[in-house]
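1. With the input below, show me the fold.
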Amino acid sequence: MPSSPLTAEIIDRESALAKRLAELDALIDQGVGLSGHERNCAFLNVSGANGERRFATASAAFGLDFEDDARAPALVDWDRDGDLDLWMVNRTAPMLRFARNNGTHENAWLALRLQGTQTNRDGIGSRVEIRLTNGKTLTQTLKAGEGFLSQSSKWLHFGLGNAPVLEEILVKWASGKVESFAGVTLNKRYHLVEGKGAGQEDASPNVAQHQQLQLNLAPPGTSVRAVSASRPPLPRLPYTTFAGEKKHAGTQTDGLTLVNLWATWCQPCLAELQAFSQSARAFEVAGITVLPLSVDGLASPELSDGDPATFYQKLKPPFEGGRASAELVRRLELAYAVLYGPCWPLPVPTSALLDQEGNLLAMYQGAVMPSQVLADAKGVSLSLESRHDASLPFAGRWMFRPQPLDPLGLAIDLMDHDQLEAAIELATRARPVYRERGTEYSKLLTWIGDALMKRGRAKESLGAYRAALKEDETATLVLNNLAWQLAAHPDPAIRDGKEAVRWASKAAALTKHTDPAILDTLAAGYAESGDFKQAAQVAEKAADLAKRQGNRALWEGIQQGLRKYRAGKSYTSP
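-> Predicted structure coming up:
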């Protein structure tokens, strides 16, 4: 609780506030900063000697030691997989951070949601006790808030350990009533309604259903046309022909491709397909390959009017059809969000016009007339300014020309949506376009390297780092990342002390030997190459810099390495 006085009177030296201020002054004297860059802390409640409980720091092991100016945590089983995830609010960016719990375990769990009838409807203030046959009792109270301006989920989540057996679930309602609930089994979610005496299993969709695509009909009579004057590169768009052959849209032709998403249950789609069929000759003359792809079954297995291959055969359109993949739809959604703003599910019908390299010329949400597609296709040969003019839906004059869209955003979003392979393919294929962005392409390759390293693909990661340095040889972040892996990676086949020293020395020179993190890497490189005397000297300088900068966490890490170097050991030695 705050210890500040309520009045402006002189502070008593023995008051709680004066004592706290003295403690704060002492911390500042020790070099602890007030910059808001202290890492978050997470503690694990573990068993100690003689059965007592104690707390162990597990921040780094949990991946929660972010250098954020954090304010409030909120616990919730966001992906509904039986373990708790974490939302964090920060004063500094990112102001909202999500930490998903991807740990694997075989322990049992139970999630309960209270609903009061005599008590307040949310059951705030009620207490739940879960009694197990081994004599253990777990207790939680439902609160209206916890932490600083924060509210965790109203679902009470219980971790029950290995192979527990339920004896009783007891709810002590805020109204004063005590009620026992039956009909509850492990590893499920239940609503407990006051006065019912039996749990009602939650029927909400599970995580797999939440991850399904949302494909709805476009509003009747509406059509949104978005022309991309700068023709940004798209990731590969995988689909399967009705004959079962796997292909990518826009790569089997020397002309343009119109990717058309349709469904058997979508009447506007069928009318649009008929219009396309009637204009087949005009599309052929213009060099446009029409590629109708069914989305049946992607949103819901039940949402279909039969087998799309059979349905398509009865329609007899003069185009090779196929089935869209979930990846194709998600990548088009991401492209639309990055290029045009709204991050909404695509409706059906939706079409995308691609050029010979698979770059985006235009996207259409809702049915589009063949004449509009043919007109937009003519823009391939136009200059950038002429394409700008042709993209306007009305007459007018530009106050200033729009800047080309940033092509890097789509690759970054692909990585954020766990589509690393698509991001790598896009970054490789679109290299000529990306290189026009200067050092930003180097940053993209660095982030790809980081993502590969997290997935345990160290050799590919080092290749991405080296490619980034070819684009920008002065990028100290890349130099340091590459040198650190070469000096301290757990796999001896990856480590190369001499190469680590070469890269880290360059990074140190670029930063004028004032960055303690880079000097820490350089020291690890010297130790890996066998020069422990030089490693200790560099580590001592790094530790001194970290201490003067008030970076206690880095100072402690450098000390661990320094003790090894003085003992003639490399950083990875036990």
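2. List the neighbours of stretch 428-441 that are in contact with it.
-> 232, 233, 358, 406, 407, 408, 411, 427, 444, 471, 472, 475 (C-beta atoms under 8 Å, 6 or more residues apart in numbering). C-beta: built from backbone N, CA, C; applies to glycine.
3. Who wins on neighbours among those?
-> residue 411 (28 neighbours; other C-beta atoms under 10 Å).
4. From residue 423, how far out is it?
-> 5 Å (C-beta to C-beta, to the nearest Å).
5. how about residue 77, what does it touch?
-> 83, 84, 85, 111, 153, 155, 157.
6. Same question for residue 143.
-> 124, 125, 152.
7. wait, which of the contacts of stretch 428-441 is closest to residue 198?
-> For those, the closest approach to residue 198 (C-beta to C-beta) belongs to residue 411, at 51.9 Å.
8. which residues touch that closest one?
-> 235, 423, 426, 427, 430, 434, 444.
9. same deal with residue 116?
-> Here residue 116 is in contact with 122, 123, 126, 173, 174, 175, 194 (C-beta under 8 Å, 6+ apart).
10. Over to residue 106?
-> residue 162.
11. What of residue 231?
-> 355, 359, 360, 361, 387.
12. What about residue 52, how many residues nearby?
-> 7.
13. swap in residue 148?
-> 10.
14. That one contacts residue 74, correct?
-> No - counting by C-beta atoms under 8 Å, residue 148 does not reach residue 74; the two are 10.8 Å apart.
15. what about stretch 101-111, start to end distance?
-> 16 Å (C-alpha to C-alpha, to the nearest Å).
16. and stretch 234-250, average pLDDT?
-> Mean pLDDT, computed over stretch 234-250, is 92.
17. same check, this time on stretch 276-290
-> 96.
18. again with stretch 540-560
-> Here the average pLDDT along stretch 540-560 is 92.
19. for this structure, which residue is closest to the average position?
-> Computing the C-alpha centroid of the chain and ranking residues by C-alpha atoms, centre = their mean puts residue 416 first, at 4.1 Å.
20. Going by distance to residue 271, which of the contacts of residue 116 wins?
-> For the contacts of residue 116, the nearest to residue 271 is residue 122 (48.6 Å; C-beta to C-beta).
21. quick one, what contacts that closest one?
-> 114, 115, 116, 142, 154.
22. which residues in the stretch 201-350 of the chain form helices?
-> 207-210, 267-278, 280-285, 308-315, 326-340 (DSSP state H, counting those that start in this stretch).
23. which residues touch the third one?
-> By C-beta under 8 Å, 6+ apart, the list of residues contacting helix 280-285 from outside reads 258, 276, 289, 290, 317, 318, 319, 370, 373, 374.
24. Settle this for me: residue 402 is touching residue 229, isn't it.
-> Yes - using C-beta under 8 Å, residue 402 makes contact with residue 229 at a distance of 7.3 Å.
25. Now for the two: what residues contact both?
-> Contacts common to residue 402 and residue 229, judged by C-beta under 8 Å, 6+ apart, are residue 388.
26. which of the two has more neighbours?
-> residue 229 (22 against 11).
27. Hmm, that one is touching residue 383, no?
-> No - the criterion here is C-beta under 8 Å, and residue 229 misses it with residue 383 at 9.7 Å.
28. that older thread, of the contacts of residue 143 - the most surrounded one?
-> residue 152 (20 neighbours).
29. Just list the residues touching that residue, thanks.
-> 73, 74, 75, 76, 143, 146.
30. can you do 10 Å?
-> By C-beta atoms under 10 Å, 6 or more residues apart in numbering, the contact list for residue 152 reads 72, 73, 74, 75, 76, 84, 86, 87, 142, 143, 145, 146.
31. can you check residue 157 too?
-> 75, 76, 77, 82, 83, 84, 109, 110, 111, 112, 140, 189.
32. domain assignment for this structure?
-> Using automatic domain parsing, the domain ranges for the chain come out as 28-65, 68-211, 216-391, 415-566.
33. Quick one, which of these gets closest to residue 17.
-> That would be domain 28-65 among the domains of the chain, by C-beta to C-beta, at 16.5 Å.
34. List the buried residues in the closest one.
-> 38, 40, 42, 58, 59, 62, 64, 65 (16 or more other C-beta atoms under 10 Å).
35. about what we covered before: out of the contacts of residue 116, list just those in strands.
-> Using DSSP state E, no member of the contacts of residue 116 falls within strands.
36. And these, which of them are buried?
-> 123, 126, 173, 174, 175, 194.
37. Now distance to residue 308 too, for those, in a markdown table please.
-> Shown next, in a markdown table, are the buried ones among the contacts of residue 116 (distance: C-beta to C-beta, whole Å):
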| residue | distance to residue 308 |
| --- | --- |
| 123 | 47 |
| 126 | 51 |
| 173 | 53 |
| 174 | 54 |
| 175 | 55 |
| 194 | 49 |
